[in-house]
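Asker: here are the coordinates; sequence isn't available:
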Ligand SMILES: Nc1ncnc2c1ncn2[C@@H]1O[C@H](COP(=O)(O)OP(=O)(O)OP(=O)(O)O)[C@@H](O)[C@H]1O
Ligand SMILES: [Mg+2]
């Protein structure tokens, strides 16, 4: 995959394959150990009533679940919009408009996530899951969109020519040749998008979207460090786990025969 | 199993291609009839329009004007994708899909044509056999796991999988080493002997053109036809300076690769003797009777063994050890080039053997030069008459 990740797409390639392998094993173990230790500490210390209200299994599970849900919905939207849009924008007839869409996605990512979230809230006056998921999806769309485009553009033109030359339709070439060969880059983009999404989902509580940000917020406002730490550690742990899942997808979902 | 469909004739009439935004057309008013079942080679300098001309045949490039028919059918009236499924297409570096196995690559066109699964599987194995790749070893490999030459074979197998009457090949062997290229060329010729497709083949390499072509089209700028004729005719009589330049030095030597020993008048009047049936004394008598200074000693199966000079015989005790052994010999299948090589290394005369290695005659340098002279005269007479 190294030949395709050189181009200006988002890349999560780090070090050698061997190092990647080790990380693939070590990352979830480290996350589980650290989160486990922090939870052990939080549950065994003497908590006051305010702390006890937050630090209980049902609350932590509910907040984590909300956080995961936002991330999953965002991922679905990002893949559902970014990949097809990216594929369409690589068609020769769409060349003139491609920069417009990339520009919009660039704005989405360049603007502060909180700003996008609040503006969307002010505009729609929605709250809850969708009020959080849609702007976060907009914010984290760019990596998937751009990597889809770059991934398809970096497919060897000789392969497209060979496909057309032996009688594949233009759609056939797109779906059977170009898109599969772009999968490694698309997955790298998705992993970046997921990490952005899981991080930004800590802001979802601003629009009543729930998530682990709520714990952080409670801990901060009520001056309870333990709640703040538990919320933050869970958020970090979740981000690392999501990143790990992204790495797994990259490792195992790419087309065979490329290395 | 292989239904040997013979190729279809391709006809290009007043074909012109002007790329948008360019002044002069890349291909200008091109007319050619490509006979069914023949290999026609396009050679010419880089950028002269070979690829453009070839790709208009399967409409990877749409002609600006003109008509192209395949087997009498107007290609412009067909659906372009359907047309391409009936025209094999092989390119430099094979263009195999890296995420498809060898079998999946070969199966693409039959799949597009909705063949039954079983029939496709059989066809894939058959094609792999045809191009000399063992299906049980290579079927499930990915292109990365093959050598360049093997990839090229798969490329040819993929192009031929749906048994198209026409095959377009754009410098298909351009990216492999000379030895592999030679093997691939030999194999293409062997396949063609069996399949009799109409093949349009683009190359930069004039020697490749001579080796493979039934006819060669030497193209100049804008795909103007400088000469369209058999390799023999082009070598013997280049139509103009441009063609002569392309033929390059050594045209006579190249001609020698086109002729086989069986096609020329080699001698069969050498004095021969079968070793077990004769003795030095007997042979000496025979030689003086016939006035020969040299004789050829054969073994019991009439295979050439030794050259003997009459002088050697006075002291010899047995025909099995007298004189000097025969070095290089040539068969009736050898090219005149091989024959010339043998003649030079043998010192003026090479022995010609038949299919079982038996003596059939001798060939000398004069035979070779006479043959070339004769060819040249024929082509001169031919072009003067036309
Ligand atoms: N898509 C294109 N747009 C504009 N001009 C083109 C295009 N493709 C080819 N040409 C021009 O048309 C001419 C013929 O190109 P073509 O590729 O047919 O040459 P060729 O004989 O195959 O050359 P080579 O031996 O280098 O492969 C060249 O001058 C080339 O620059
Ligand atoms: Mg070319």
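Answerer: Looks like it came in fine. These numbers were taken from a predicted model, which means no experiment stands behind them. Ligands and ions are numbered 1, 2, ... in the order given.
Asker: all contacts plus neighbour counts: C-alpha atoms, from now on.
Answerer: Will do.
Asker: residue ranges with poor pLDDT in chain A?
Answerer: Scanning chain A for pLDDT under 70 picks out A:1-16.
Asker: up against chain B, what does it have?
Answerer: A:158-159, A:162, A:164-169, A:177, A:181, A:255-259 (C-alpha under 8 Å from any C-alpha of the partner chain).
Asker: helix/strand/coil for residue B:297?
Answerer: At residue B:297 the chain is in strand, as set by DSSP: H, G, I helix; E, B strand; the rest coil.
Asker: what does residue B:201 give?
Answerer: Residue B:201 ends up strand, using three-state DSSP.
Asker: just so I have it, where are all the helices in the stretch 51-200 of chain A?
Answerer: A:57-89, A:98-110, A:113-124, A:129-139, A:142-153, A:157-165, A:170-173, A:179-200 (DSSP state H, counting those that start in this stretch).
Asker: and the residue of the stretch 101-250 of chain A found nearest chain B, how many residues sit next to it?
Answerer: Closest residue of the stretch 101-250 of chain A to chain B, C-alpha to the nearest C-alpha: residue A:167 (4.5 Å). For residue A:167, the neighbour count with other C-alpha atoms under 10 Å in any protein chain shown is 27.
Asker: now swap in residue B:124 and tell me
Answerer: Per other C-alpha under 10 Å, the neighbour tally for residue B:124 reads 26.
Asker: okay, it: pLDDT?
Answerer: pLDDT for residue B:124: 96.
Asker: tell me who's in contact with it.
Answerer: The contact partners of residue B:124, taken as C-alpha atoms under 8 Å, 6 or more residues apart in numbering or on different chains, are B:103, B:106, B:107, B:161.
Asker: about what we covered before: would you confirm that the residue of the stretch 101-250 of chain A closest to chain B contacts residue B:109?
Answerer: Yes: between residue A:167 and residue B:109 there is a contact under C-alpha atoms under 8 Å: 7.1 Å.
Asker: buried subset of the contacts of residue B:124?
Answerer: B:103, B:106, B:107, B:161 (16 or more other C-alpha atoms under 10 Å in any protein chain shown).
Asker: so the closest residue to the first one other than its chain neighbours versus residue B:101, what's the distance?
Answerer: Leaving aside its chain neighbours, residue B:103 sits nearest to residue B:139 (5.0 Å; criterion: C-alpha to C-alpha, 6 or more residues apart in numbering or on different chains). In this view, residue B:139 and residue B:101 are 7 Å apart by C-alpha to C-alpha, to the nearest Å.
Asker: neighbour count: these two, which is higher?
Answerer: Comparing residue B:139 with residue B:101 by other C-alpha under 10 Å, the one with more neighbours is residue B:101, at 21 against 18.
Asker: residue contacts, that one?
Answerer: A:257, B:139, B:140, B:141, B:142, B:143.
Asker: tally of neighbours for the third one?
Answerer: Here the number of neighbours of residue B:140 (other C-alpha under 10 Å) works out to 14.
Asker: surely it touches residue B:99?
Answerer: No: if you go by C-alpha under 8 Å, residue B:140 and residue B:99 don't touch, sitting 11.2 Å apart.
Asker: shaky segments in chain B?
Answerer: B:1-5, B:381-386.
Asker: rewinding a little: ok, now which ones touch the residue of the stretch 101-250 of chain A closest to chain B?
Answerer: Residue A:167 makes contact with B:80, B:81, B:82, B:83, B:84, B:85, B:109, B:112, according to C-alpha under 8 Å, 6+ apart.
Asker: change it to 7 Å
Answerer: For residue A:167, the contact set (C-alpha atoms under 7 Å, 6 or more residues apart in numbering or on different chains) comprises B:81, B:82, B:84, B:85.
Asker: same question for residue A:195.
Answerer: Going by C-alpha under 7 Å, 6+ apart, residue A:195 touches A:239, A:242, A:243.
Asker: in chain B, which helix is the longest?
Answerer: helix B:365-385 (DSSP state H).
Asker: nearest to chain A: which residue in the stretch 251-386 of chain B?
Answerer: Closest point on the stretch 251-386 of chain B to chain A, by C-alpha to the nearest C-alpha, is residue B:258, at 32.9 Å.
Asker: what about that residue, neighbour count?
Answerer: By the criterion of other C-alpha under 10 Å, residue B:258 has 15 neighbours.
Asker: element containing it?
Answerer: In the assignment (DSSP states H and E), residue B:258 maps to no helix and no strand.
Asker: which parts of the stretch 101-250 of chain B are helices?
Answerer: B:102-106, B:108-112, B:117-130, B:135-138, B:148-160, B:178-195, B:206-212, B:231-236, B:241-247.
Asker: how about the longest one: buried residues?
Answerer: It stands for helix B:178-195. Applying 16+ other C-alpha under 10 Å to helix B:178-195 flags B:180, B:181, B:184, B:185, B:187, B:188, B:189, B:192, B:195 as buried.
Asker: same check, this time on the fourth one
Answerer: For helix B:135-138, a neighbour-count test (16+ other C-alpha under 10 Å) marks B:135, B:138 as buried.
Asker: and it with chain A, contact?
Answerer: No: against chain A, helix B:135-138 shows no contacts by C-alpha under 7 Å from any C-alpha of the partner chain, the least distance being 13.4 Å.
Asker: which helices and strands sit right next to that helix?
Answerer: Of the remaining helices and strands, those touching helix B:135-138 by 3 or more C-alpha pairs under 7 Å, 6 or more residues apart in numbering or on different chains; DSSP states H and E are helix B:117-130.
Asker: what count of nearby residues applies to residue 63?
Answerer: You didn't say which chain, so I picked chain A. Residue A:63: 21 surrounding residues under other C-alpha under 10 Å.
Asker: actually chain B
Answerer: Neighbours of residue B:63 under the rule other C-alpha under 10 Å: 22.
Asker: with residue B:123 instead?
Answerer: For residue B:123, using other C-alpha under 10 Å, the count is 22.
Asker: got the contact list for residue B:28?
Answerer: With C-alpha under 7 Å, 6+ apart, residue B:28 has these contacts: B:15, B:16, B:17, B:222, B:223, B:224.
Asker: on that earlier part again, dump the contacts of residue A:195 to TSV, plus neighbour count and secondary structure.
Answerer: Formatted as TSV, the contacts of residue A:195 follow (neighbours: other C-alpha atoms under 10 Å in any protein chain shown; DSSP: H, G, I helix; E, B strand; the rest coil):
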residue	neighbour count	secondary structure
A:239	21	helix
A:242	21	helix
A:243	23	helix
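Asker: what's the closest of those to residue B:284?
Answerer: residue A:243 (95.9 Å; C-alpha to C-alpha).
Asker: so the closest one touches residue A:191, yeah?
Answerer: Yes: between residue A:243 and residue A:191 there is a contact under C-alpha atoms under 7 Å: 6.2 Å.
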